[in-house]
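1. what's the 3D shape of this:
(one chain, ligands or ions: 1)
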Amino acid sequence: MKQLAILGCTGSIGRQTLQVIDSIPNTIKPVAMAAGNNKLLFLEQVKKYKPQLVSLHHEEDARWLQQQLDGHQKVDIYYGSEGLLAVATFPDADTVLTAISGAVGMQPTVAAIKAGKTIALANKETLVAAGELVMLLAREYGVHIMPVDSEHSAIWQCLHGENSHNVARLLLTASGGPFRNWSNEQMTAITPEMALNHPNWQMGAKITIDSATLMNKGLEVIEARWLFNINYDSIDVVIHPQSIIHSMVEFNDGSVLAQMGVPDMRLPIQYALFYPQRMAGKVTRLQWPIGELTFTEPDFERFPSLNLAFQAGRVGKTMPAVLNAANEMAVHAFLTGRLEFKAIPKLVAKVMEGHSPFQYNTLEEIMETDRWARRRAEELIR
Ligand code: MG
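-> Next up, the predicted model:
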(Lines give C-alpha, C1' and ligand atoms only; values in the text may rest on other atoms or scores of the structure.)
Protein backbone atom coordinates (compact mmCIF):
# COMPACT_ATOMS: atom_id res chain seq x y z
CA MET A 1 0.00 0.00 0.00
CA LYS A 2 1.18 3.48 -0.90
CA GLN A 3 1.31 5.74 2.18
CA LEU A 4 -0.06 9.16 1.31
CA ALA A 5 0.03 12.54 3.06
CA ILE A 6 -2.62 14.99 1.83
CA LEU A 7 -2.46 18.77 2.19
CA GLY A 8 -5.93 20.23 1.57
CA CYS A 9 -8.18 17.22 2.27
CA THR A 10 -11.51 19.02 2.34
CA GLY A 11 -10.95 21.11 -0.81
CA SER A 12 -12.08 20.10 -4.27
CA ILE A 13 -8.91 18.16 -5.18
CA GLY A 14 -8.65 16.62 -1.69
CA ARG A 15 -12.23 15.30 -1.79
CA GLN A 16 -11.78 13.93 -5.31
CA THR A 17 -8.51 12.28 -4.28
CA LEU A 18 -10.33 10.43 -1.49
CA GLN A 19 -12.96 9.33 -4.08
CA VAL A 20 -10.14 7.93 -6.24
CA ILE A 21 -8.72 6.10 -3.21
CA ASP A 22 -12.19 4.66 -2.42
CA SER A 23 -12.67 3.56 -6.04
CA ILE A 24 -9.49 1.44 -6.07
CA PRO A 25 -9.48 -0.23 -2.63
CA ASN A 26 -6.42 -1.46 -0.73
CA THR A 27 -3.91 0.49 -2.80
CA ILE A 28 -3.43 3.84 -1.06
CA LYS A 29 -3.63 4.67 2.64
CA PRO A 30 -3.89 8.30 3.79
CA VAL A 31 -1.53 8.38 6.79
CA ALA A 32 -1.36 12.14 7.38
CA MET A 33 -4.05 14.67 6.46
CA ALA A 34 -4.34 18.46 6.65
CA ALA A 35 -7.42 20.61 6.16
CA GLY A 36 -8.20 24.32 6.51
CA ASN A 37 -11.49 25.45 8.05
CA ASN A 38 -13.99 22.73 7.12
CA LYS A 39 -13.75 20.89 10.45
CA LEU A 40 -17.05 18.98 10.14
CA LEU A 41 -16.10 17.30 6.86
CA PHE A 42 -12.58 16.77 8.16
CA LEU A 43 -13.90 14.95 11.25
CA GLU A 44 -15.77 12.53 8.97
CA GLN A 45 -12.65 12.00 6.86
CA VAL A 46 -10.43 11.39 9.89
CA LYS A 47 -12.91 8.85 11.30
CA LYS A 48 -13.11 7.07 7.96
CA TYR A 49 -9.44 6.95 6.94
CA LYS A 50 -7.86 6.81 10.43
CA PRO A 51 -4.63 8.69 9.63
CA GLN A 52 -1.89 8.83 12.27
CA LEU A 53 -1.38 12.60 12.11
CA VAL A 54 -3.75 15.41 11.18
CA SER A 55 -3.78 19.20 11.11
CA LEU A 56 -6.37 21.97 10.90
CA HIS A 57 -5.76 25.67 10.28
CA HIS A 58 -6.99 27.05 13.60
CA GLU A 59 -5.91 26.01 17.09
CA GLU A 60 -9.51 26.03 18.40
CA ASP A 61 -10.61 23.70 15.58
CA ALA A 62 -7.75 21.33 16.44
CA ARG A 63 -8.94 21.30 20.09
CA TRP A 64 -12.51 20.66 18.94
CA LEU A 65 -11.31 17.73 16.83
CA GLN A 66 -9.39 16.36 19.82
CA GLN A 67 -12.60 16.41 21.93
CA GLN A 68 -14.60 14.71 19.18
CA LEU A 69 -12.07 11.90 18.82
CA ASP A 70 -11.12 11.48 22.51
CA GLY A 71 -11.36 7.88 23.62
CA HIS A 72 -12.37 6.71 20.12
CA GLN A 73 -9.29 7.14 17.99
CA LYS A 74 -5.58 7.70 18.57
CA VAL A 75 -4.26 10.45 16.33
CA ASP A 76 -1.71 13.28 16.65
CA ILE A 77 -3.43 16.61 16.09
CA TYR A 78 -1.58 19.73 14.96
CA TYR A 79 -2.64 23.14 13.63
CA GLY A 80 -1.39 26.12 11.62
CA SER A 81 1.76 26.24 9.51
CA GLU A 82 3.55 23.88 11.92
CA GLY A 83 0.77 21.36 11.29
CA LEU A 84 1.13 21.67 7.51
CA LEU A 85 4.87 21.00 7.85
CA ALA A 86 4.22 17.98 10.11
CA VAL A 87 1.85 16.48 7.53
CA ALA A 88 4.20 17.30 4.62
CA THR A 89 7.15 15.59 6.31
CA PHE A 90 5.31 12.75 8.10
CA PRO A 91 7.93 9.93 8.21
CA ASP A 92 5.61 7.06 7.15
CA ALA A 93 4.35 8.85 4.02
CA ASP A 94 6.16 8.17 0.75
CA THR A 95 4.06 10.57 -1.36
CA VAL A 96 2.67 14.01 -0.53
CA LEU A 97 -0.30 15.39 -2.44
CA THR A 98 -0.21 19.20 -2.33
CA ALA A 99 -3.87 20.10 -2.88
CA ILE A 100 -3.80 23.32 -0.88
CA SER A 101 -4.55 26.54 -2.78
CA GLY A 102 -2.17 29.52 -2.97
CA ALA A 103 1.39 30.48 -2.07
CA VAL A 104 0.79 29.08 1.42
CA GLY A 105 1.68 25.74 -0.21
CA MET A 106 5.32 26.76 -0.85
CA GLN A 107 6.81 26.02 2.57
CA PRO A 108 5.26 22.56 3.07
CA THR A 109 6.10 21.57 -0.53
CA VAL A 110 9.75 22.52 -0.07
CA ALA A 111 9.81 20.72 3.31
CA ALA A 112 8.36 17.58 1.68
CA ILE A 113 11.01 17.68 -1.05
CA LYS A 114 13.77 18.04 1.54
CA ALA A 115 12.27 15.04 3.37
CA GLY A 116 12.62 13.03 0.13
CA LYS A 117 8.88 12.62 -0.52
CA THR A 118 7.47 12.08 -3.99
CA ILE A 119 5.30 15.11 -4.77
CA ALA A 120 1.89 14.86 -6.44
CA LEU A 121 1.61 18.55 -7.25
CA ALA A 122 -1.81 20.17 -7.34
CA ASN A 123 -0.61 23.48 -5.89
CA LYS A 124 0.50 25.37 -9.00
CA GLU A 125 1.21 28.60 -7.08
CA THR A 126 4.31 26.98 -5.56
CA LEU A 127 5.85 26.42 -9.00
CA VAL A 128 4.75 29.85 -10.20
CA ALA A 129 6.29 31.71 -7.28
CA ALA A 130 9.35 29.56 -6.61
CA GLY A 131 9.65 27.22 -9.62
CA GLU A 132 13.37 27.70 -10.12
CA LEU A 133 14.20 26.85 -6.51
CA VAL A 134 11.67 24.01 -6.24
CA MET A 135 12.98 22.25 -9.36
CA LEU A 136 16.58 22.74 -8.21
CA LEU A 137 15.75 21.17 -4.84
CA ALA A 138 13.83 18.32 -6.47
CA ARG A 139 16.93 17.44 -8.51
CA GLU A 140 19.22 17.81 -5.50
CA TYR A 141 17.06 15.51 -3.33
CA GLY A 142 16.24 13.10 -6.19
CA VAL A 143 12.51 13.74 -5.81
CA HIS A 144 9.90 13.18 -8.53
CA ILE A 145 7.29 15.87 -9.05
CA MET A 146 4.16 14.43 -10.62
CA PRO A 147 1.70 16.97 -12.02
CA VAL A 148 -1.95 16.71 -10.99
CA ASP A 149 -3.06 19.76 -13.00
CA SER A 150 -4.99 18.29 -15.96
CA GLU A 151 -3.02 20.20 -18.65
CA HIS A 152 0.34 19.18 -17.23
CA SER A 153 -0.82 15.63 -16.72
CA ALA A 154 -1.78 15.59 -20.41
CA ILE A 155 1.65 16.88 -21.47
CA TRP A 156 3.37 14.44 -19.12
CA GLN A 157 1.41 11.56 -20.72
CA CYS A 158 2.20 12.79 -24.26
CA LEU A 159 5.91 12.95 -23.39
CA HIS A 160 5.99 9.37 -22.18
CA GLY A 161 8.83 7.54 -23.92
CA GLU A 162 9.82 10.64 -25.92
CA ASN A 163 13.17 12.40 -25.98
CA SER A 164 12.75 15.93 -24.59
CA HIS A 165 15.16 17.25 -27.27
CA ASN A 166 12.49 16.46 -29.88
CA VAL A 167 9.82 18.67 -28.31
CA ALA A 168 9.03 21.69 -30.52
CA ARG A 169 6.32 23.26 -28.35
CA LEU A 170 3.66 22.69 -25.75
CA LEU A 171 0.06 23.60 -26.53
CA LEU A 172 -1.90 24.27 -23.34
CA THR A 173 -5.64 24.11 -23.87
CA ALA A 174 -8.02 26.43 -22.02
CA SER A 175 -11.81 26.26 -21.88
CA GLY A 176 -11.92 30.05 -22.05
CA GLY A 177 -14.09 30.19 -18.94
CA PRO A 178 -17.67 31.49 -18.64
CA PHE A 179 -16.92 34.86 -20.32
CA ARG A 180 -15.16 33.54 -23.41
CA ASN A 181 -17.63 35.24 -25.77
CA TRP A 182 -18.47 38.31 -23.68
CA SER A 183 -17.70 41.76 -25.02
CA ASN A 184 -15.43 44.12 -23.13
CA GLU A 185 -18.55 46.15 -22.31
CA GLN A 186 -20.47 43.17 -20.87
CA MET A 187 -17.47 42.19 -18.76
CA THR A 188 -17.79 45.32 -16.60
CA ALA A 189 -20.92 43.83 -15.00
CA ILE A 190 -19.43 40.48 -13.91
CA THR A 191 -20.30 39.48 -10.34
CA PRO A 192 -18.62 36.75 -8.21
CA GLU A 193 -21.73 34.55 -8.67
CA MET A 194 -21.37 34.71 -12.46
CA ALA A 195 -17.62 34.08 -12.33
CA LEU A 196 -18.00 31.12 -9.95
CA ASN A 197 -20.18 29.31 -12.49
CA HIS A 198 -17.64 27.48 -14.68
CA PRO A 199 -19.05 25.71 -17.75
CA ASN A 200 -16.93 22.51 -17.65
CA TRP A 201 -15.03 22.01 -14.39
CA GLN A 202 -16.01 21.69 -10.73
CA MET A 203 -13.26 23.46 -8.79
CA GLY A 204 -12.50 25.60 -5.74
CA ALA A 205 -13.35 29.33 -5.71
CA LYS A 206 -9.84 30.72 -6.28
CA ILE A 207 -9.07 28.61 -9.35
CA THR A 208 -12.57 29.17 -10.76
CA ILE A 209 -12.04 32.95 -10.71
CA ASP A 210 -8.56 32.43 -12.21
CA SER A 211 -10.21 30.41 -14.99
CA ALA A 212 -12.65 33.25 -15.68
CA THR A 213 -9.82 35.83 -16.03
CA LEU A 214 -7.53 33.29 -17.82
CA MET A 215 -4.93 33.95 -15.11
CA ASN A 216 -5.20 30.23 -14.38
CA LYS A 217 -3.84 29.50 -17.86
CA GLY A 218 -1.11 32.09 -17.31
CA LEU A 219 -0.10 30.43 -14.05
CA GLU A 220 -0.13 27.09 -15.89
CA VAL A 221 2.22 28.47 -18.56
CA ILE A 222 4.74 29.27 -15.81
CA GLU A 223 4.08 25.91 -14.16
CA ALA A 224 4.77 24.17 -17.51
CA ARG A 225 7.98 26.15 -18.02
CA TRP A 226 9.39 24.67 -14.81
CA LEU A 227 7.88 21.18 -14.90
CA PHE A 228 9.06 20.50 -18.45
CA ASN A 229 12.13 22.78 -18.55
CA ILE A 230 11.01 24.60 -21.68
CA ASN A 231 11.23 28.29 -22.62
CA TYR A 232 8.23 30.59 -22.94
CA ASP A 233 8.59 30.98 -26.72
CA SER A 234 7.79 27.28 -27.00
CA ILE A 235 4.55 27.40 -24.99
CA ASP A 236 1.26 28.39 -26.64
CA VAL A 237 -2.28 28.64 -25.30
CA VAL A 238 -5.23 27.42 -27.38
CA ILE A 239 -8.88 28.05 -26.49
CA HIS A 240 -10.75 24.74 -26.66
CA PRO A 241 -14.20 25.24 -25.09
CA GLN A 242 -15.14 21.54 -24.96
CA SER A 243 -12.28 20.68 -22.52
CA ILE A 244 -11.86 17.23 -24.07
CA ILE A 245 -8.24 17.63 -25.19
CA HIS A 246 -6.39 18.50 -22.00
CA SER A 247 -3.21 19.69 -23.75
CA MET A 248 -0.86 18.75 -26.58
CA VAL A 249 2.80 18.40 -27.48
CA GLU A 250 4.16 19.25 -30.91
CA PHE A 251 7.37 17.42 -31.85
CA ASN A 252 10.20 18.44 -34.18
CA ASP A 253 8.77 16.36 -37.05
CA GLY A 254 5.46 18.25 -36.88
CA SER A 255 3.56 15.43 -35.16
CA VAL A 256 1.19 16.60 -32.44
CA LEU A 257 0.14 14.29 -29.60
CA ALA A 258 -2.94 15.10 -27.54
CA GLN A 259 -4.38 13.54 -24.40
CA MET A 260 -8.18 13.33 -24.26
CA GLY A 261 -10.73 12.47 -21.65
CA VAL A 262 -13.82 13.74 -19.87
CA PRO A 263 -13.17 16.96 -17.91
CA ASP A 264 -12.91 15.22 -14.53
CA MET A 265 -10.02 15.93 -12.17
CA ARG A 266 -10.15 12.39 -10.81
CA LEU A 267 -8.42 11.22 -13.98
CA PRO A 268 -5.20 13.27 -13.60
CA ILE A 269 -5.28 12.66 -9.82
CA GLN A 270 -5.43 8.91 -10.39
CA TYR A 271 -2.69 8.99 -13.04
CA ALA A 272 -0.33 10.87 -10.69
CA LEU A 273 -1.06 8.67 -7.67
CA PHE A 274 -0.57 5.36 -9.51
CA TYR A 275 2.12 6.42 -12.01
CA PRO A 276 3.60 4.57 -13.88
CA GLN A 277 0.63 2.18 -13.64
CA ARG A 278 -2.76 2.83 -15.20
CA MET A 279 -5.70 1.63 -13.13
CA ALA A 280 -9.24 0.91 -14.34
CA GLY A 281 -10.79 3.18 -11.71
CA LYS A 282 -14.30 4.57 -11.91
CA VAL A 283 -13.94 7.73 -13.97
CA THR A 284 -16.57 8.23 -16.70
CA ARG A 285 -15.45 7.40 -20.26
CA LEU A 286 -15.77 9.64 -23.30
CA GLN A 287 -18.91 8.78 -25.23
CA TRP A 288 -18.20 8.40 -28.96
CA PRO A 289 -18.76 10.13 -31.21
CA ILE A 290 -17.80 13.08 -29.03
CA GLY A 291 -19.00 15.75 -31.45
CA GLU A 292 -17.23 18.90 -32.45
CA LEU A 293 -13.85 19.92 -31.04
CA THR A 294 -12.95 23.55 -31.76
CA PHE A 295 -9.79 25.61 -31.29
CA THR A 296 -9.26 29.37 -31.37
CA GLU A 297 -6.63 31.86 -30.29
CA PRO A 298 -7.01 33.50 -26.88
CA ASP A 299 -8.00 37.17 -26.82
CA PHE A 300 -5.18 38.89 -24.94
CA GLU A 301 -7.06 42.22 -24.99
CA ARG A 302 -10.14 41.03 -23.14
CA PHE A 303 -8.07 38.71 -20.94
CA PRO A 304 -4.93 40.72 -20.07
CA SER A 305 -4.07 38.36 -17.19
CA LEU A 306 -2.70 35.82 -19.63
CA ASN A 307 -0.30 38.41 -21.03
CA LEU A 308 0.77 39.49 -17.55
CA ALA A 309 1.71 35.91 -16.72
CA PHE A 310 3.81 35.55 -19.89
CA GLN A 311 5.48 38.89 -19.05
CA ALA A 312 6.22 37.91 -15.45
CA GLY A 313 7.49 34.53 -16.59
CA ARG A 314 9.84 36.06 -19.14
CA VAL A 315 11.20 38.59 -16.62
CA GLY A 316 11.65 35.67 -14.23
CA LYS A 317 13.54 36.09 -10.92
CA THR A 318 11.06 37.27 -8.24
CA MET A 319 8.47 38.66 -10.71
CA PRO A 320 6.26 35.54 -10.96
CA ALA A 321 6.00 35.50 -7.15
CA VAL A 322 4.73 39.10 -7.30
CA LEU A 323 2.25 38.22 -10.07
CA ASN A 324 0.96 35.32 -8.00
CA ALA A 325 0.64 37.18 -4.69
CA ALA A 326 -1.03 40.21 -6.30
CA ASN A 327 -3.44 37.90 -8.12
CA GLU A 328 -4.35 36.05 -4.91
CA MET A 329 -5.11 39.39 -3.25
CA ALA A 330 -7.09 40.63 -6.26
CA VAL A 331 -9.18 37.45 -6.47
CA HIS A 332 -9.94 37.62 -2.76
CA ALA A 333 -10.91 41.30 -3.07
CA PHE A 334 -13.18 40.47 -6.02
CA LEU A 335 -14.87 37.62 -4.14
CA THR A 336 -15.50 39.89 -1.13
CA GLY A 337 -16.92 42.70 -3.26
CA ARG A 338 -13.96 45.08 -2.88
CA LEU A 339 -12.77 44.96 -6.50
CA GLU A 340 -14.45 44.74 -9.89
CA PHE A 341 -13.76 41.81 -12.19
CA LYS A 342 -11.96 43.92 -14.77
CA ALA A 343 -9.79 45.51 -12.07
CA ILE A 344 -8.17 42.15 -11.23
CA PRO A 345 -5.52 42.31 -14.00
CA LYS A 346 -5.15 46.08 -13.51
CA LEU A 347 -4.22 45.55 -9.88
CA VAL A 348 -1.78 42.76 -10.74
CA ALA A 349 -0.13 44.96 -13.41
CA LYS A 350 0.17 47.86 -10.97
CA VAL A 351 1.83 45.74 -8.28
CA MET A 352 4.23 44.27 -10.87
CA GLU A 353 5.15 47.79 -12.07
CA GLY A 354 6.28 48.73 -8.59
CA HIS A 355 8.56 45.72 -8.15
CA SER A 356 12.27 45.54 -8.97
CA PRO A 357 12.84 41.84 -9.64
CA PHE A 358 15.99 40.24 -8.22
CA GLN A 359 17.62 36.84 -8.45
CA TYR A 360 16.58 34.89 -5.35
CA ASN A 361 18.36 31.96 -3.74
CA THR A 362 16.17 31.07 -0.80
CA LEU A 363 12.51 30.41 -0.11
CA GLU A 364 12.67 33.13 2.56
CA GLU A 365 13.45 35.72 -0.15
CA ILE A 366 10.43 34.56 -2.15
CA MET A 367 8.22 34.66 0.93
CA GLU A 368 9.42 38.18 1.73
CA THR A 369 8.65 39.21 -1.88
CA ASP A 370 5.22 37.58 -1.56
CA ARG A 371 4.52 39.56 1.63
CA TRP A 372 5.65 42.81 -0.04
CA ALA A 373 3.34 42.20 -3.01
CA ARG A 374 0.40 41.51 -0.70
CA ARG A 375 0.99 44.71 1.26
CA ARG A 376 1.27 46.72 -1.96
CA ALA A 377 -1.89 45.10 -3.38
CA GLU A 378 -3.81 45.88 -0.19
CA GLU A 379 -2.74 49.56 -0.38
CA LEU A 380 -3.92 49.76 -3.97
CA ILE A 381 -7.23 48.01 -3.25
CA ARG A 382 -7.92 50.54 -0.49
MG1 MG B 1 -5.47 23.10 -15.04
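2. return the residues of this structure in contact with the ion.
-> For the chain, the residues in contact with the ion (Cβ under 5 Å from the ion) are 149-151. (C-beta placed from N, C-alpha, C; glycine too.)
3. which one of those residues sits closest to residue 80?
-> residue 149 (26.7 Å; Cβ to Cβ).
4. how many residues are close by the closest one?
-> Neighbourhood size, residue 149 [other Cβ atoms under 10 Å]: 28.
5. can you give me the distance of it to residue 276?
-> Per Cβ to Cβ, to the nearest Å, residue 149 is found 18 Å from residue 276.
6. go on, residue 380?
-> 47 Å.
7. of those two, who's got more company?
-> Neighbours were counted for residue 380 and for residue 276 using other Cβ under 10 Å; residue 380 has more, 19 against 7.
8. how about the strands in the stretch 251-382 of the chain?
-> Taking DSSP state E, counting those that start in this stretch as the criterion, the stretch 251-382 of the chain carries its strands at 256-260.
9. my error: substitute the stretch 1-150 of the chain in the last question.
-> Along the stretch 1-150 of the chain, the segments classed as strands by DSSP E, counting those that start in this stretch run 2-7, 28-34, 53-56, 76-79, 95-98, 118-121, 145-147.
10. now these as CSV including mean neighbour count?
-> As requested, the strands of the stretch 1-150 of the chain are exported to CSV (neighbours: other Cβ atoms under 10 Å):
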stretch, mean neighbour count
strand 2-7, 25
strand 28-34, 24
strand 53-56, 27
strand 76-79, 18
strand 95-98, 26
strand 118-121, 24
strand 145-147, 23
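11. turn those strands into TSV, including mean pLDDT.
-> Formatted as TSV, the strands of the stretch 1-150 of the chain follow (pLDDT from 0 to 100):
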stretch	mean pLDDT
strand 2-7	98
strand 28-34	98
strand 53-56	98
strand 76-79	98
strand 95-98	98
strand 118-121	98
strand 145-147	98
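12. could you dump those strands into TSV with distance to residue 163 added?
-> Formatted as TSV, these follow (distance: least, Cβ to Cβ, whole Å):
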stretch	distance to residue 163
strand 2-7	29
strand 28-34	32
strand 53-56	41
strand 76-79	44
strand 95-98	27
strand 118-121	23
strand 145-147	19
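13. any idea of the pLDDT on the residue in the stretch 101-250 of the chain that the ion sits nearest to?
-> Residue nearest to the ion within the stretch 101-250 of the chain (Cβ to the ion): residue 149, separated by 4.2 Å. Per-residue confidence (pLDDT) for residue 149: 96.
14. I'd assumed residue 125 was in contact with it.
-> No. Taking contacts as Cβ atoms under 8 Å, residue 149 lies outside contact range of residue 125: 11.2 Å.
15. SS state for residue 230?
-> Using DSSP: H, G, I helix; E, B strand; the rest coil, the structure places residue 230 in coil.
16. roughly how far does residue 188 sit from residue 357?
-> As judged by Cβ to Cβ, residue 188 and residue 357 stand 32 Å apart.
17. compare those two (neighbour count), which wins?
-> The neighbour count for residue 188 versus residue 357, taken as other Cβ under 10 Å, is higher for residue 357 (16 against 12).
18. list the contacts of that one.
-> Contacts for residue 357 (Cβ atoms under 8 Å, 6 or more residues apart in numbering) come out as 315-319, 322.
19. which of those count as buried?
-> Those of the contacts of residue 357 that meet the buried threshold are 317-319, 322, by 16 or more other Cβ atoms under 10 Å.
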